[in-house]
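> here's a sequence, model it:
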Amino acid sequence: MSKAFEDSKTSRTVYLTMKRHTYSTRKIREAEEASETATGDSAMKTDDKDKEYPTMVRLAMGTKTKISTLVQPNDLDRFMVQYTNIIKTNMDALKKKERKKASKAAKAKKATA
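Numbering: from 1, shown residues only. Below you'll find the predicted structure:
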């Protein structure tokens, strides 16, 4: 990851996405719902608020380089600390915003208002 951010200083753009990862897919959910309606028994469902999910982290650099990983909930704090350190060390390549100098007429308008 740090190599990708170092390379982005010269030529490439880095896209990083993070989202919650659930193991069930649409087909699995539909099959579970179909089996519940077929048997007539509705199983007790666990509360989604209490469940901890891993975080999927995807990094894309250009069109050829793509990296993805799953970060488990107990490792998320350590991952975020390392990620912020990488971001802090590579912030020096950012461009400062160009600001326009205010003209004398605009300054006069502000003074009268």
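
> which of the helices or strands spans Arg99?
Using DSSP states H and E, Arg99 sits within no helix or strand.

> what is the subsequent helix or strand relative to the strand or helix carrying Glu30?
Assigned by DSSP H and E, Glu30 belongs to helix 26-39. Per DSSP H and E, the first helix or strand lying C-terminal to helix 26-39 is strand 55-61.

> low pLDDT regions in the protein?
24-25, 27-29, 32-33, 35-49, 93-95, 102-113 (pLDDT under 70).

> and the residue nearest to Val14 when sequence neighbours are not counted, how many neighbours?
Leaving aside its chain neighbours, Val14 sits nearest to Ser8 (4.6 Å; criterion: Cβ to Cβ, 6 or more residues apart in numbering). (C-beta placed from N, C-alpha, C; glycine too.) Residues lying near Ser8 (other Cβ atoms under 10 Å) number 16.

> so Arg78 is in which element?
Using DSSP H and E, Arg78 sits within helix 76-89.

> show me what that helix is packed up against.
helix 2-7, strand 55-61 (3 or more Cβ pairs under 8 Å, 6 or more residues apart in numbering; DSSP states H and E).

> what lines up beside the helix or strand just after the last one in the sheet?
By that I understand strand 55-61. With elements assigned by DSSP H and E, the helix or strand that comes after strand 55-61 is strand 65-71. Partner strands for strand 65-71, per DSSP bridges, with pairing direction: strand 55-61 (antiparallel).

> perfect, that will be all.
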